[in-house]
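>>> What follows is a protein structure lacking sequence information:
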């Protein structure tokens, strides 16, 4: 297939492009390479895909890969109502996987406009292009954050998600509603995936795994929010990509579906830190902090629907995933 992957320079997008290419698909990657975190990490991910910085930083220019015959990349804003339709017009995409979004719960409290521009206006632009250029299937990233502080655990797709506690979560809920409408009106197959705390090599610098590893290795204190009384359904990147690939390759039971995609085994934050300490061989300096605005107490995915419909089976234990991440982190950041 020919597939557009938005957010291709991001953590999940990069790994998805690698897998799609390894399985023989043709991939066009799109990203605006913003500076929410150090763009160099995004350029380095693209370099792994054969697109060097000098190519990638040019706007509205499709660059071909020096490593992958079937990969090309374009730097675009998702909400660009001129250039994004041009890209769709000049490529007959079989599917679109929309992973581009302004990420981060805490940042959304200070910068809500950025989230609306990318996550809502940008998503509408993608939906309109799928409609106008007859793309039959759209797979898109939602988030576990839509569950807010729900006390019903594990989280199931059938429970109410009407009480988001961050702007980020509200934009993701809006994506699900918009996708439902376009499926109903225009017969586009849409599949939303609610990601649960993804981690692994090439991960984002604003995520707990990255921040904790960096601090422990440099003997700096780590901030432990809500006095450590948090739990997260940490999900290794390869398990996530297995699930996304199954959805891309398979068929949903209806035109509009939403699935949880996680490990389904929540880990207490202090246990996660302990496993990280064991792997690195250094005891963390913990700075206990109160709960942060917009944060949730726990996440826990019921993935039985994704298992039933697409055979999804997460298999990477947290200790194994942590070891893989620390190995990558040291190779990328720790200079000998």
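Nice, thanks for sending it over. Please read these numbers as outputs of a predicted model, since none were measured by experiment.
>>> can you map out the strands along this structure?
For the chain, the strands defined by DSSP state E occupy 2-6, 26-31, 63-64, 71-75, 95-98, 137-143, 189-195, 198-199, 221-224, 231-232, 235-236, 256-261, 267-268, 285-288.
>>> Distance from the chain centre to the second one, please.
Computed by C-alpha atoms, centre = their mean, to the nearest Å, the chain-centroid distance of strand 26-31 equals 15 Å.
>>> could we number from 419 for the rest of this?
Noted, 419 is the first residue going forward, which turns the last one into strand 444-449.
>>> partners of it in the sheet?
Strand 444-449 pairs in its sheet with strand 420-424 (parallel), strand 489-493 (parallel), by DSSP bridges.
>>> tell me the contacts of residue 584?
Residue 584 makes contacts with 523, 526, 527, 563, 712, as judged by C-beta atoms under 8 Å, 6 or more residues apart in numbering. Any C-beta I mention is one placed from the backbone N, CA and C, and that applies to glycine too.
>>> biggest separation within these, which pair?
527 and 563 (12.6 Å; C-beta to C-beta).
>>> Who has more neighbours out of these two?
Remark: of residue 527 and residue 563, residue 563 carries more neighbours, 25 against 15, as counted by other C-beta atoms under 10 Å.
>>> And that one, how far from residue 729?
26 Å (C-beta to C-beta, to the nearest Å).
>>> Which among the strands of the chain is found nearest to residue 749?
strand 616-617 (16.4 Å).
>>> Select the longest helix from this structure.
In the chain, taking DSSP state H as the definition, the longest helix is helix 585-604.
>>> Enumerate the positions of that one that are buried.
Buried residues in helix 585-604, counted by 16 or more other C-beta atoms under 10 Å: 585-594, 596-598, 600-601.
>>> can you tell me which of the residues you listed lies nearest to residue 542?
residue 596 (6.4 Å).
>>> Run a quick neighbour tally on the closest residue to residue 622 other than its chain neighbours.
Counting by C-beta to C-beta, 6 or more residues apart in numbering, residue 429 is the residue found nearest to residue 622 once chain neighbours are left out, at 5.1 Å. Neighbours of residue 429 under the rule other C-beta under 10 Å: 26.
>>> residues in contact with residue 429?
Contacts of residue 429 by C-beta under 8 Å, 6+ apart are 463, 616, 618, 620, 621, 622, 655.
>>> 10 Å instead?
455, 459-460, 463, 517, 521, 616-623, 625, 628, 655, 658 (C-beta atoms under 10 Å, 6 or more residues apart in numbering).
>>> measure it to residue 473 for me?
21 Å.
>>> Test my guess that residue 581 contacts residue 565.
Yes. At 8.8 Å, residue 581 counts as touching residue 565 under the criterion of C-beta atoms under 10 Å.
>>> These two: who's more crowded?
residue 565 (29 against 13).
>>> For that one, which residues are in contact?
571-575, 577-579, 581-583, 587, 591, 612, 614, 678, 714, 716-719.
>>> In helices only, show me these.
Using DSSP H, those in helices are 587, 591.
>>> Switch the contacts of residue 584 over to a markdown table; also include pLDDT.
Output for the contacts of residue 584, formatted as a markdown table (pLDDT from 0 to 100):
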| residue | pLDDT |
| --- | --- |
| 523 | 78 |
| 526 | 86 |
| 527 | 84 |
| 563 | 92 |
| 712 | 59 |
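>>> Tabulate the residues you listed in a markdown table, adding columns for distance to residue 745.
Below are those laid out as a markdown table (distance: C-beta to C-beta, whole Å):
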| residue | distance to residue 745 |
| --- | --- |
| 523 | 28 |
| 526 | 32 |
| 527 | 34 |
| 563 | 29 |
| 712 | 32 |
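>>> Sketch out the low-pLDDT regions of this structure for me.
The chain contains residues with pLDDT under 70 at 644-647, 709-710, 712-715, 753-754.
>>> ok, back up a step: which helices and strands sit right next to the longest helix of the chain?
On a contact count with 3 or more C-beta pairs under 10 Å, 6 or more residues apart in numbering; DSSP states H and E, helix 585-604 meets helix 523-528, helix 530-533, helix 540-550, strand 555-561, strand 607-613, strand 674-679.
>>> so the longest one versus strand 555-561, what angle?
The reference is to helix 540-550. Angle of helix 540-550 versus strand 555-561, following axes from the mean of the first three to the mean of the last three C-alpha atoms, to 10 degrees, is 170 degrees.
>>> Next, the buried residues of stretch 728-746.
Buried residues in stretch 728-746, counted by 16+ other C-beta under 10 Å: 728, 730, 732, 734, 736, 739, 740, 742, 743, 744.
>>> So which of these are in helices?
728, 736, 739, 740, 742, 743, 744.
>>> ok, so of the residues you listed, who is nearest residue 605?
residue 728 (21.3 Å).
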